[in-house]
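In: This is a predicted model, with the sequence first.
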Amino acid sequence: MITSPAWKGRKYAVLGLARSGRATVVALLAAGAQVTAWDEKSEARAPFEGRCDLRDPLEIDLTGFDGVVVSPGVPLNTHPIKPHADKYGVPVIGDIELFAQARGDLPPHKVVGITGTNGKSTTTALVHHILKEAGVPTTMGGNIGLPILEQEPLPEGGVYVLELSSFQIDLTFSLDCDVAVLLNVTPDHLDRYDGNFDAYAASKSRLFAMQTRGHNSIARFTDARSLGQFAEGSIASILEDVLANRGIAPSEQANWPSLQGPHNLENAAAAIEACDILGLSTEQIREALRTFPGLPHRMERVGERAGVLYVNDSKATNTAAAAPALAAFDKIHWIVGGRAKEPGLGECEPHMDRVTAAYTIGEAGDAFAEALAPHCAVSRCGTLEKAVELASQVARSGETVLLSPACASFDQFRDFEERGDRFRTLVRALADTGGMP
């Protein structure tokens, strides 16, 4: 695990004992900190009985505490923990801030931080893959993989690749990334920012503001111009210029099977620039782009039956995230719906010429059916099971059945992973399913 001697003897409260919370408590205790921990679920508290003070931070005097560590899932704009901690002058932080504090005691290393509304996970995994294929010690964490404090420190020369949500950045104050990447900013999670898009965008751009002179930042020109929160003396790269500057032609994307679609060309450009800054050669990068396996639930090709391709893009929980998948395929049988984050088709509308038929599911199914009716044939299926069954009967060889819901999953599933896993299971259960070519 990652710890810091700086935590020894200090007092922390940890609210929430899911994965990152558990790892945080273990790391703080190992470093000799005094820890008060709490979770509403008794089973989450059970492993720490006798190991730390189990009390709700909301119900205690926080005088003398050095920090309250909360999960990124805690909404700071509405949860009472923030005003309660403020009353005692105690900062509310996350595990990424603790990692930032621990960096001085780790072997010499670099950190790549990646944020953006869409594409974070793919780009983080891609940077990690390129580094790993080049023989660079690396790990990834943050909003992907294992909690960062649970991981073993990298040897000298290692690179930590962190996917960072705006919620994690809100809880971080001293993470000075050697390379910071902002992929894009489009409206999402605005409930956490009281409907204020500018506040959401400012949260994302704080990743740049925390950098020190001489470190590198990567962003699209339009975002860089509008956000304007780059640290003084940082070295900026414009995402749109990367491929031309690095000698990789856009046509080479045809050789990257898990990176199809215009959005993945942009994700790849960000990864190419980050790895070039870290000293990798163009040939090392080019080969790793070819071998990148992709991520589950992100334009994941899960099977082929009778010439019909089935693609799991369950991670697309808003229209901006679903639009790239629509742009990546032709003759699409689109499974769409769930708990909507926004009205209408949004950024998906320009790609309706690629949709042959749509199959709506979930709470937003009827609303999507009405919006889609002028563009294509629509079947109101209600459930994912019915949608897959009907689409498999209608789709013909050369066409694609695409689960890209453009909605959250919480109306019918625990999370987008469960939704994608269910889709994968349904596809594999289809009669005469064949393997991918």
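Out: Right, received. Where do you want to start?
In: so how many other residues sit close to residue 143?
Out: Other residues near residue 143 come to 19 when the count uses other C-beta atoms under 10 Å. The way it works is simple: take the backbone N, C-alpha and C, and place the C-beta from them, glycine included.
In: now swap in residue 55 and tell me
Out: Residue 55 has 12 neighbouring residues, counting by other C-beta under 10 Å.
In: and it, how far is that from residue 406?
Out: Distance from residue 55 to residue 406, counting by C-beta to C-beta, to the nearest Å: 42 Å.
In: ditto for residue 210
Out: 32 Å.
In: Looking at the two now, which is surrounded by more residues?
Out: Neighbour comparison, residue 210 and residue 406: the larger count goes to residue 406, with 28 against 19 (by other C-beta under 10 Å).
In: Next, the contact list for the nearest residue to the more buried one once chain neighbours are set aside, please.
Out: The shortest distance from residue 406 to any non-neighbouring residue, by C-beta to C-beta, 6 or more residues apart in numbering, is to residue 322 (3.9 Å). Neighbouring residues of residue 322 by C-beta atoms under 8 Å, 6 or more residues apart in numbering: 313, 316, 336, 347-348, 404-406.
In: Report the distance from the helix or strand harbouring residue 322 to the chain centre.
Out: Element membership for residue 322 (DSSP states H and E) is helix 319-328. Distance of helix 319-328 from its chain centroid, counting by C-alpha atoms, centre = their mean, to the nearest Å, is 16 Å.
In: Please save the CA atoms from stretch 392-411 in CSV.
Out: Output of stretch 392-411 as CSV, limited to C-alpha atoms (Å, rounded to 0.1, in the frame of the first residue of the first chain):
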residue,chain,number,x,y,z
SER,A,392,-31.5,-10.0,-33.0
GLN,A,393,-34.6,-11.0,-35.0
VAL,A,394,-34.5,-7.8,-37.1
ALA,A,395,-30.9,-7.1,-37.7
ARG,A,396,-29.2,-8.5,-40.9
SER,A,397,-25.7,-9.4,-41.8
GLY,A,398,-23.4,-6.4,-41.9
GLU,A,399,-25.4,-4.5,-39.4
THR,A,400,-24.7,-3.7,-35.7
VAL,A,401,-26.7,-4.1,-32.6
LEU,A,402,-25.5,-1.3,-30.2
LEU,A,403,-26.2,-0.9,-26.6
SER,A,404,-25.3,2.7,-26.0
PRO,A,405,-28.1,3.9,-23.6
ALA,A,406,-27.3,7.6,-23.4
CYS,A,407,-28.8,7.3,-19.9
ALA,A,408,-27.9,6.3,-16.3
SER,A,409,-28.7,2.7,-15.4
PHE,A,410,-30.2,3.1,-11.9
ASP,A,411,-33.8,2.6,-12.9
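In: What average pLDDT does that stretch get?
Out: Stretch 392-411 carries an average pLDDT of 97.
In: One more: stretch 339-348?
Out: Stretch 339-348 comes out at a mean pLDDT of 94.
In: which other residues reach whatever helix or strand residue 112 lives in?
Out: Assigned by DSSP H and E, residue 112 falls within strand 109-115. Taking contacts as C-beta under 8 Å, 6+ apart, the residues outside strand 109-115 that touch it are 103, 120, 123-124, 127, 142, 154, 156-166, 169, 175-183, 204, 207, 270, 274, 278.
In: Equivalent analysis for stretch 376-390, please.
Out: Outside stretch 376-390, the residues that touch it by C-beta under 8 Å, 6+ apart are 334-335, 352, 355-362, 365-366, 369, 372, 401, 403, 412, 419, 422-423, 426-427, 430.
In: Going along the chain, name the strands of the stretch 201-350 of the chain.
Out: Ranges of strands in the stretch 201-350 of the chain, per DSSP state E, counting those that start in this stretch, are 216-219, 235-238, 300-305, 308-312, 332-337.
In: Including distance to residue 146 and mean neighbour count, could those go into TSV?
Out: Formatted as TSV, these follow (distance: least, C-beta to C-beta, whole Å; neighbours: other C-beta atoms under 10 Å):
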stretch	distance to residue 146	mean neighbour count
strand 216-219	25	24
strand 235-238	29	16
strand 300-305	21	18
strand 308-312	23	24
strand 332-337	31	29
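In: Flag the shaky bits of the protein, pLDDT-wise.
Out: Low-confidence segments of the chain, defined by pLDDT under 70: 187-189, 225-226, 228-229, 431-437.
In: try it again with 50
Out: Across the chain, residues meeting the criterion (pLDDT under 50) sit at 432-437.
In: Show me how it divides into domains.
Out: Domains of the chain are assigned by automatic domain parsing as 6-93, 98-291, 300-429.
In: among the contacts of residue 322, which ones are buried?
Out: Taking 16 or more other C-beta atoms under 10 Å as the criterion, what is buried in these is 313, 316, 336, 347-348, 404-406.
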